[in-house]
Every structure is written in structure tokens, then in C-alpha cells.
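S.K.: Sequence first, predicted coordinates after that:
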Amino acid sequence: MMNDWNAYRDSLLARVGDYAALSPDVLHGLKTMEGSATKTGHLEPKVHELIALSVAVTTRCDGCISVHTKKAAEHGATREEIAEALGVAIALNAGAALTYSARVLEAHAQLPAA
């Protein structure tokens with residue numbers, strides 16, 4: 001399935017604008033959190049966006065994918081850099097599945113014998 005990410009992003013941002021009109025304090029709080037995450041300046045904006053893309057993939061957020069892909073490109077992220085960041089997300093998801101598989105086996109081992 002292919003998406004029109006530009007149209008999706010535009011539509012999403014319009015709906016976010018509608019929400020902001022109804023609940024401006026929530027959007028203000030979100031912008032404050034986003035701003036505080038970059039305030040120290042220890043990481044370059046491109047790195048922030050690459051991290052955001054990896055998190056967007058692990059949280060399965062299409063809105064985040066559409067917004068942060070554009071921002072990453074605006075900060076000079078190449079397709080190859082994005083692919084490398086996404087590889088981290090893929091590895092972490094696989095690692096999480098392995099960790100939770102171990103938890104299933106532990107839970108099973110603690111069941112009373114039948």
C-alpha cells in the first residue's frame with residue numbers, strides 16, 4: 001500500500017490545527033516538551049529528526065513519520081542516513097520481541113504442573 005504522505009501530512013496538520021483551536025493548552029504543552037528536548041543543543045537537529053523517525057517506526061505513528069521525514073530532509077538527512085536510523089528501529093523491535101519471548105517462557109515455566 002502506497003500513501004500520499006504529502007497530502008496526509010497536510011490533512012493531519014489541518015486537523016491538528018482544529019484540535020489546537022479547541023484545546024490550545026494541550027498543543028502549547030506539546031510544543032514546550034518538543035522545545036525542551038532540543039534546548040541543550042548537544043545533538044544536531046538532523047540527529048533529533050533521525051531519532052524521531054526511529055521512534056515513529058517503533059510506535060507505529062504515521063503522523064510522526066510524515067512530519068519527521070520532512071523535517072529530517074530539511075535538516076539535510078540523506079536517504080542512506082534515514083535507512084541507517086530505521087535499521088536501529090528494526091533491530092530494537094526485534095530485540096524487544098526477543099526480550100518479551102523470554103518473558104513468555106518465564107511465565108510458562110511458572111505455571112503449576114498439569
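M.R.: Good, I have the coordinates.

S.K.: Average pLDDT for the helix or strand hosting Ile90, rounded please.
M.R.: Assessed by DSSP states H and E, Ile90 sits inside helix 79-109. Helix 79-109 shows a mean pLDDT of 94.

S.K.: Residue nearest the middle of the protein, spatially speaking?
M.R.: In the chain, the residue lying closest to the centroid (CA atoms, centre = their mean) is Ala56, at 1.8 Å.

S.K.: Can you tell me the closest non-neighbouring residue to it?
M.R.: In this structure, Ala56 finds its nearest non-sequential neighbour in Cys64, 3.5 Å apart by CB to CB, 6 or more residues apart in numbering. To be clear about C-beta, it is placed using only N, CA and C from the backbone, and glycine gets the same treatment.

S.K.: which phi and psi does that neighbour have?
M.R.: When read as degrees, to the nearest 10, the backbone of Cys64 gives phi -60, psi -40.

S.K.: From His108, how far off is it?
M.R.: Distance check for Cys64 against His108: by CB to CB, to the nearest Å, it reads 35 Å.

S.K.: what does Lys71 give?
M.R.: In this view, Lys71 and His108 are 44 Å apart by CB to CB.

S.K.: Those two: which is more packed in?
M.R.: Neighbours were counted for Lys71 and for His108 using other CB atoms under 10 Å; Lys71 has more, 16 against 8.

S.K.: Identify the residues contacting the more buried one.
M.R.: Pro45, Glu49, Ala52 (CB atoms under 8 Å, 6 or more residues apart in numbering).

S.K.: quick one: which of those residues is nearest to Ala77?
M.R.: Nearest to Ala77, judged by CB to CB, of the contacts of Lys71 is Glu49 at 6.2 Å.

S.K.: Who are the contact partners of that closest one?
M.R.: Contacts of Glu49 were listed using CB under 8 Å, 6+ apart, and they are His68, Lys71, Ala72, His75, Ala77.

S.K.: residues in contact with the fourth one?
M.R.: Neighbour list for His75: Glu44, Pro45, Lys46, Glu49 [criterion: CB under 8 Å, 6+ apart].

S.K.: Give me the nearest residue to it, chain neighbours excluded.
M.R.: In space, His75 comes closest to Lys46 once its chain neighbours are excluded; the distance is 3.9 Å by CB to CB, 6+ apart.
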